[in-house]
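**Student:** Curious how this folds, go ahead:
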Amino acid sequence: MGEHHIDDAGTPRPAPVEYGAAVDRYLAAADLGSASRRVYRISLLGWAWPLVDRRAPTGRERRGARPPVVPLALLDAPEAAERLRRGLADRAGTARPRTLDRELACLRAATAWWSARGWITADPAAGLVPPTPRPDPAPAPVDASVPVVTVATPAVGVPDRARAALALRAPLRELTLWHLLHESRAAVEQVLALDIDHLDLPARRTRGSAPGTLRWGPGAARLLPMLLAGRTAGPVFVTGRRAPAGTAAAERCPVTGRGRLSYRRAAELFTAATRPLDPAGRGWTLIVLRDRTPRSGRAAG
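**Tutor:** Numbering: from 1, shown residues only. Alright, predicted model coming up:
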């Protein structure tokens, strides 16, 4: 584990030995508003229970409960990943899917930040995946004596496709990208070219240094701080793995080493995610996110 960390004033600070202290240091460095900081603190401290193999409190008890004291070194223990996986499965029984995704994103951002500083050597959150939602119960048998009325489903228009895609359960990165494309109506290439210092998050717009002016709405405004937590430079949208050797510094995150997300990969992920929504089974293209009203004679996807 790293012995010291240089703070913004250039003063060496010893690495924290306790999980809660590491959470405090991470949140102090993160560019978050007070409300987002509070949400992150609750989410991150909630993982303390499964790290010591205890079940986390739920409901109203969760907000007022004092988390157990956890050595930060426990995240490097071989059993840490399995304990977090069990905690994630347990949390899935009481939390909504989006809440679960948010809490997992908070943990991943924090562990990446700690790892970059040498405070931990392993990332037990790297392989965590939210459990697959249980399928809806099978419909009750049809009584042959009761007539069945079949209602034809109308064709899905472009705005309906956008709404359906944005309602999907998807990773934080994809949801943020989709909301930003939908709310800004910008070209995919322009959005993927954004760097963190291009964004003026409080104003919901890009700064003058960005390649073109973008504005966005409440959806992207809610998701962007969570996506960027712990990162202050580099591409906004990055891949899930480290960039190959030789990748230009401007094309990778200085904290995690991950490269800029490509148009091809973003398009593949959107098409795969929307395939269950497409009656033809092919999936849609990212262009459907840029439209808000039907336009005659224009292909939707």
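**Student:** quick one: Pro68 and Ala56 touch, right?
**Tutor:** No. Using CB atoms under 8 Å, Pro68 is not in contact with Ala56, being 9.9 Å away. In short, each C-beta sits where N, CA and C put it, glycine included.
**Student:** what's the overlap in contacts for those two?
**Tutor:** Residues touching both Pro68 and Ala56 (CB atoms under 8 Å, 6 or more residues apart in numbering) are Trp49.
**Student:** Tell me which of these two has more neighbours.
**Tutor:** Using other CB atoms under 10 Å as the criterion, Pro68 and Ala56 rank with Ala56 on top: 19 against 14.
**Student:** and that one, how far is that from Ala186?
**Tutor:** Plainly put, Ala56 is 40 Å away from Ala186 if you go by CB to CB, to the nearest Å.
**Student:** What segments of the stretch 201-301 of the chain are strands?
**Tutor:** Using DSSP state E, counting those that start in this stretch, the strands of the stretch 201-301 of the chain run over 205-206, 238-242, 258-260.
**Student:** partners of the second one, with directions?
**Tutor:** Right, strand 238-242. strand 258-260 (antiparallel) (DSSP bridges).
**Student:** got a pLDDT number for the nearest residue to Leu172 once chain neighbours are set aside?
**Tutor:** Closest residue to Leu172 apart from its sequence neighbours, by CB to CB, 6 or more residues apart in numbering: Ala105 at 4.2 Å. In this model, Ala105 is scored at 81, pLDDT.
**Student:** Helices of the stretch 1-150 of the chain, start to end?
**Tutor:** 19-29, 34-46, 48-51, 60-64, 80-92, 97-116 (DSSP state H, counting those that start in this stretch).
**Student:** oh sorry, the question was meant for the stretch 201-301 of the chain
**Tutor:** Using DSSP H, counting those that start in this stretch, helices in the stretch 201-301 of the chain cover 218-228, 263-274.
**Student:** so the shortest one versus helix 97-116, what angle?
**Tutor:** What it means is helix 218-228. Helix 218-228 runs at 30 degrees relative to helix 97-116, counting by axes from the mean of the first three to the mean of the last three CA atoms, to 10 degrees.
**Student:** That concludes my questions; thank you for your assistance.
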